[in-house]
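[1] Just the structure for this:
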Amino acid sequence: MADAADAAEAVAVADAVHRALACLTKPNRDVVVLRYFVQLSERQTADVLGVPPGTVKSRLSRALAQLAANDHLLDLSGGTSR
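    Modelled structure (predicted):
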């Protein structure tokens, strides 16, 4: 039964992350996915996207701030929305 609960939790987490990422703009979502899911460096991410590394840093900063305040992810952590 614990396996079923673990699987259900994994599905809930994946769904929450998917919903939170969907709230980002495409450029910000692209940076988050390439940096954290594909695990590219800032330089590699910049090269893939054809933007300067500073743009990657600023997009990532904005995206992480948005994700930190996202209701879908707050629900997972037991936090409260603003």
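[2] got any ranges where the chain has weak pLDDT?
    Within the chain, the stretches with pLDDT under 70 are 1-2, 77-82.
[3] Mind doing that once more with 90?
    1-10, 12-13, 16-17, 70-82 (pLDDT under 90).
[4] which outside residues touch the helix or strand hosting residue 59?
    Element membership for residue 59 (DSSP states H and E) is helix 53-68. Helix 53-68 has contacts (Cβ atoms under 8 Å, 6 or more residues apart in numbering) with 20-21, 23-24, 27-29, 31-32, 35, 42-43, 45-46, 49, 73. (C-beta placed from N, C-alpha, C; glycine too.)
[5] Go through these and name the one nearest residue 13.
    residue 73 (9.3 Å; Cβ to Cβ).
[6] Was I right to think the closest one contacts residue 20?
    Yes: using Cβ atoms under 8 Å, residue 73 makes contact with residue 20 at a distance of 5.0 Å.
[7] who's more crowded, the two?
    Neighbours per residue, other Cβ atoms under 10 Å: of residue 73 and residue 20, the larger number sits with residue 20, 22 against 18.
[8] Which strand or helix spans the more buried one?
    Per DSSP H and E: helix 2-22 holds residue 20.
[9] Using PDB, write out the CA atom coordinates for that helix.
    Taking C-alpha atoms only, helix 2-22 is exported to PDB below (Å, rounded to 0.1, in the frame of the first residue of the first chain):
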ATOM      1  CA  ALA A   2       2.900   2.300   0.700                       C
ATOM      2  CA  ASP A   3       4.000   1.900  -3.000                       C
ATOM      3  CA  ALA A   4       0.600   3.100  -4.200                       C
ATOM      4  CA  ALA A   5       0.800   6.100  -1.800                       C
ATOM      5  CA  ASP A   6       4.400   6.900  -3.000                       C
ATOM      6  CA  ALA A   7       3.200   6.600  -6.700                       C
ATOM      7  CA  ALA A   8       0.300   8.900  -6.000                       C
ATOM      8  CA  GLU A   9       2.500  11.500  -4.300                       C
ATOM      9  CA  ALA A  10       5.000  11.400  -7.300                       C
ATOM     10  CA  VAL A  11       2.100  12.000  -9.700                       C
ATOM     11  CA  ALA A  12       0.800  14.900  -7.500                       C
ATOM     12  CA  VAL A  13       4.300  16.400  -7.500                       C
ATOM     13  CA  ALA A  14       4.800  16.000 -11.200                       C
ATOM     14  CA  ASP A  15       1.400  17.600 -11.900                       C
ATOM     15  CA  ALA A  16       2.100  20.500  -9.600                       C
ATOM     16  CA  VAL A  17       5.500  21.200 -11.200                       C
ATOM     17  CA  HIS A  18       3.900  20.900 -14.700                       C
ATOM     18  CA  ARG A  19       1.200  23.400 -13.700                       C
ATOM     19  CA  ALA A  20       3.700  25.800 -12.100                       C
ATOM     20  CA  LEU A  21       5.900  25.700 -15.200                       C
ATOM     21  CA  ALA A  22       2.900  26.400 -17.400                       C
END
